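*Asks:* Have a look; sequence and predicted model below, questions after that.
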Amino acid sequence: MIKTLIRAAALNLILLLVSTQALAVPLMHLDIEGSGANASIGLGESVTVSVLASGIPAGTDSNGMFGFGFDLVFDSLALASSNLALGPLWQLTGFDSSLDTAGRVGLTSNRFFLASGPSGDDILVGTVDFQALSAGVHDLTLGYFTGIGDNVLFDGTGLDTSATFFGAGSISVSVPEPSTAALFLMGVLMLSSSRRR
């Protein structure tokens, strides 16, 4: 009797784990220098923002992710964007990927010449470098690509049908305290004077 109950509990646990994994909702989200969707940097510093896809099913019909497209919107008076790049599993489509100085970057790609695509979590789709131009908390918002490019599986299933498909993030930019800057300057002066001797 006890063995039957233990087996039934183990089977229920396995079914729960499998069903939880099957219910994973696709999501495109941000990771800023490995610290998640939010990070803190100093004025004038640069940071790399990675755009990741998670919850992508591998299923026998879908064969993983066929293509993606996203816009990353930000305040161009607070952050300057540069170095827009695709993740290693993707190729340039030859159209519609752009670095826009007016507060929007867009990136799209697909796997036209391959039979399958990536599946699972934390798939790197692209990176964007930002430099902090002003202090404060500056939002980064992922959204639908304004050109040609869709978030879709090989079987044609859309990934961005959920209202929560696109995540967001922020970069907190601080100004160094005067005392910290003064100590740094004093250290530089002491090093330069010791070298002269």
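*Replies:* Sure thing, it's come through.

*Asks:* if I look at residue 26, how far off is residue 47?
*Replies:* 26 Å (C-beta to C-beta, to the nearest Å). Just so you know, the C-beta spots here come from the backbone N, C-alpha and C atoms, and that holds for glycine as well.

*Asks:* quick one: residue 91 and residue 114, what's the gap?
*Replies:* From residue 91 to residue 114 the distance is 9 Å (C-beta to C-beta).

*Asks:* ok, now residue 56?
*Replies:* From residue 56 to residue 114 the distance is 15 Å (C-beta to C-beta).

*Asks:* Show me the helices in the protein, by range?
*Replies:* Here the chain has its helices, by DSSP state H, at 2-22, 178-196.

*Asks:* Out of those helices, which gets the lowest mean score?
*Replies:* Note on the helices of the chain: helix 2-22 shows the lowest mean pLDDT, a mean of 49.

*Asks:* need the contact list for residue 153.
*Replies:* 56-57, 62-66, 117, 159 (C-beta atoms under 8 Å, 6 or more residues apart in numbering).

*Asks:* how does it look with 6 Å?
*Replies:* 62, 66 (C-beta atoms under 6 Å, 6 or more residues apart in numbering).

*Asks:* Next one: it, what pLDDT does it get?
*Replies:* Reported pLDDT for residue 153: 92.

*Asks:* again, but for residue 176
*Replies:* 75.

*Asks:* Hmm, residue 72 is touching residue 105, no?
*Replies:* Yes: if you go by C-beta atoms under 6 Å, residue 72 and residue 105 touch, sitting 4.9 Å apart.
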